[in-house]
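Asker: this is the structure alone, sequence omitted:
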């Protein structure tokens, strides 16, 4: 239902995809090529962010969060990079990391581990693409607080054993965060794509702390 509503809002084709399943992501890439012939921009953006102290995380918790937040990006790069490199003009992969990867808070150990992996993957990919003069570039989106549905992550989790994870709305934790709307981030990402920027942070005021 959420996919259908979003596709209607944006006026695009919605394709149900499980980013933890490499075959599902490959099917998405095949469908995109079948529908449009070429792909220029891929945004690996699926993420879940429930919280728990490290000593309360089960191995199933680790597996799920890493499967979505890190392997989801790996699968996206694996399926779409060959498609992008078929372009004669340009292409860009945008991987969503997190400000928490460079300014880590408590109770997000698995999330931070995954997002740090995404940042490192993006840095290496950009270096490799540049060395071989590829038409494809790589960008690491590094968002701070953005108004999304990530505070409702557990609704998407498959049946699991007992877990200490819990969803948290950081807007209600008493801290005065500056939240961006998705459209604000859209402008930052578009600028990064046009300039082939490796890093696309959304909150400049966090950078001195980083």
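Answerer: Thanks, I have the structure now. Everything numeric here is computed off the predicted structure, so don't read it as measured data.
Asker: for this protein, just list every one of the strands.
Answerer: Under the criterion DSSP state E, strands of the chain are mapped to 41-44, 91-96, 136-142, 199-201.
Asker: quick one: distance of the shortest one to the chain centre.
Answerer: Pointing back at strand 199-201 there. Distance, stretch centre to chain centre, for strand 199-201: 13 Å (C-alpha atoms, centre = their mean, to the nearest Å).
Asker: what are the pairing partners of that strand, and which direction each?
Answerer: strand 136-142 (parallel) (DSSP bridges).
Asker: for the partner strand, what is the average pLDDT?
Answerer: Per-region confidence: strand 136-142 scores 97 on mean pLDDT.
Asker: between it and strand 91-96, how many degrees?
Answerer: 20 degrees (axes from the mean of the first three to the mean of the last three C-alpha atoms, to 10 degrees).
Asker: ok, residues contacting strand 136-142?
Answerer: With contacts defined as C-beta atoms under 8 Å, 6 or more residues apart in numbering, strand 136-142 is touched by 43, 45, 81, 84-85, 87, 90-99, 101-102, 118-119, 122-123, 125-126, 129, 185, 188-189, 192-193, 196-202. To be clear about C-beta, it is placed using only N, CA and C from the backbone, and glycine gets the same treatment.
Asker: give me the buried entries from these.
Answerer: 45, 81, 84, 91-99, 101-102, 118-119, 122-123, 125-126, 129, 185, 188-189, 192-193, 197-202 (16 or more other C-beta atoms under 10 Å).
Asker: could you dump the strands of the chain into TSV and include distance to residue 16?
Answerer: Shown next, in TSV, are the strands of the chain (distance: least, C-beta to C-beta, whole Å):
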stretch	distance to residue 16
strand 41-44	17
strand 91-96	20
strand 136-142	23
strand 199-201	27
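Asker: out of those, which comes closest to residue 69?
Answerer: With C-beta to C-beta as the criterion, residue 69 lies closest to strand 91-96 of the strands of the chain, at 8.8 Å.
Asker: sheet partners, orientation included, of that closest one?
Answerer: For strand 91-96, pairing defined by DSSP bridges yields strand 41-44 (parallel), strand 136-142 (parallel).
Asker: tell me how many other residues crowd residue 133.
Answerer: Neighbourhood size, residue 133 [other C-beta atoms under 10 Å]: 6.
Asker: and it, how far is that from residue 119?
Answerer: Using C-beta to C-beta, to the nearest Å, one obtains 24 Å as the distance from residue 133 to residue 119.
Asker: what residues of stretch 25-45 count as buried?
Answerer: 25-29, 32, 39, 42, 44-45.
Asker: now the terminal residues of that stretch, how far apart.
Answerer: One end of stretch 25-45 to the other measures 13 Å (C-alpha to C-alpha, to the nearest Å).
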